[in-house]
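Q: Could you work out the structure for the sequence below:
(one chain, ligands or ions: 2)
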Amino acid sequence: MMSNLAYERLHENLKRLKLTTMEAVLDNHLELAAKKNLSVIEILDELVDQEYATKEATKLEFRTRSSGFPVRKTLEQFDFGFQPSIDRKAITELCTLRFMYNAENVIFLGPPGVGKTHLAIALATEALKSGFIVYYTYAHDLIQKLKQANYENTLAKKLKTLCKYKLLIIDEIGYLPFDKEGANLFFQLISRRYDKLSTVLTSNKAFSEWDTIFGDNVIAAAILDRLLHHCTTINIKGQSYRLKERQKIGLNPQKRGEQ
Ligand code: ADP
Ligand code: MG
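A: Ligands and ions are numbered 1, 2, ... in the order given. As a prediction, this is how the structure comes out:
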């Protein structure tokens, strides 16, 4: 039968073109089309749409894996009720990603466990969904890598790579102090990205304490000057969510309202 030949060839060509979703759902759709009397355009639209959706999902998954997140977090998972000091409108505004189009920075400040990393990753997830390439790093690892590159005479290349990411998350600034070389390299990176690319930072230290992190108030001022020029700072004042979870399971018994 003529149509049989066409049918076989269609399957074969879809496979060759790596239109694997279309190939997989083709039979179902042909059946459905016959049953519901769908037009050619309706079947084609449905098939192409499904292929597109799976290809996009695969790309998103790949970009998410390449981003180096230590965990996956979304905004939907964040309980704003638990952290009333956070201006929800500011977070909603950030999620429009306008700050990225304007090459502005975002800094989450606050004590441990209040959701800084969660929000930074959730924001970066929104950026990934919009097609941006994102990279996450602990501040300490970043400095180690910059130092290594400096030592191996590949600093220029390393900085160039770090400026390929439309969004760079530098998590946990301030847990470990930087030495002079570290602060210097960090300054170079921030200068490179300044006014061109957005960076999201988190820290448990107030800006007034940043000179103790960088060991030198001149370099700290130069770094802050660039970071804060176009920047949204989310200052989180509240209780640790980790502590709350521990209290819930009774590991850390404390009466309500005690702290
Ligand atoms: P930080 O980076 O400020 O130390 P994290 O973002 O790592 O804190 O949060 C600690 C843990 O608690 C994570 O698992 C995070 O997902 C969760 N968490 C923190 N705040 C909230 C919140 N308001 N709603 C839901 N989960 C939260
Ligand atoms: Mg954190």
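Q: ok, and what's touching stretch 56-67?
A: With CB atoms under 8 Å, 6 or more residues apart in numbering as the test, stretch 56-67 has contacts from 72, 124-125, 128-129, 133-136. Bear in mind the C-beta positions are built from the backbone N, C-alpha and C, glycine included.
Q: which among those gets closest to T54?
A: Nearest to T54 among the contacts of stretch 56-67, counting by CB to CB, is K129 at 15.5 Å.
Q: The closest one: how many residues sit nearby?
A: Residues within reach of K129, counting by other CB atoms under 10 Å, total 14.
Q: Next, it: phi, psi?
A: phi -60, psi -30 (degrees, to the nearest 10).
Q: Could you pull up the residues touching it?
A: So K129 contacts L60 (CB under 8 Å, 6+ apart).
Q: Among the contacts of stretch 56-67, name the ones in strands.
A: 134-136 (DSSP state E).
Q: just the strands in the protein please.
A: Per DSSP E, the chain carries strands over the ranges 105-109, 134-138, 167-173, 198-203, 231-235.
Q: mind putting those strands in CSV, distance to ligand 2 and mean pLDDT included?
A: Listed next are those as CSV, based on distance: least, CB to the ion, whole Å; pLDDT from 0 to 100:
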stretch, distance to ligand 2, mean pLDDT
strand 105-109, 9, 98
strand 134-138, 9, 98
strand 167-173, 6, 98
strand 198-203, 6, 98
strand 231-235, 13, 97
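Q: ok so, going back, now rank the ones in strands among the contacts of stretch 56-67 by neighbours and give me the top one.
A: Neighbour max across those (other CB under 10 Å) = V134, 25 neighbours.
Q: what residues does the stretch 151-259 of the chain put near ligand 1?
A: Within the stretch 151-259 of the chain, the positions near ligand 1 by CB under 6 Å from any ligand atom are 202, 241-242.
Q: which residues touch the one residue in the chain that gets nearest to ligand 2?
A: At 3.2 Å from ligand 2, T117 is the closest residue in the chain, using CB to the ion. By CB under 8 Å, 6+ apart, the contact set of T117 is 70-71, 73, 171-172, 202.
Q: Out of these, flag the one nearest to D87.
A: The closest of those to D87 turns out to be T202 (CB to CB; 16.6 Å).
Q: Isn't the closest one up against V106?
A: No: at 9.2 Å, T202 does not count as touching V106 under the criterion of CB atoms under 8 Å.
Q: Could you please give me the overlap between the contact lists of these two?
A: Common neighbours of T202 and V106 (criterion: CB under 8 Å, 6+ apart): A120.
Q: sorry, back to before: show me which of the residues of the stretch 151-259 of the chain next to ligand 1 are buried.
A: 202, 241 (16 or more other CB atoms under 10 Å).
Q: Would you format the residues of the stretch 151-259 of the chain next to ligand 1 as JSON lines with distance to E31 included?
A: Listed next are those as JSON lines, based on distance: CB to CB, whole Å:
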{"residue": "T202", "distance to E31": "52"}
{"residue": "Y241", "distance to E31": "50"}
{"residue": "R242", "distance to E31": "52"}
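Q: any idea which of the residues of the stretch 151-259 of the chain next to ligand 1 is closest to ligand 1?
A: Y241 (3.2 Å; CB to the nearest ligand atom).
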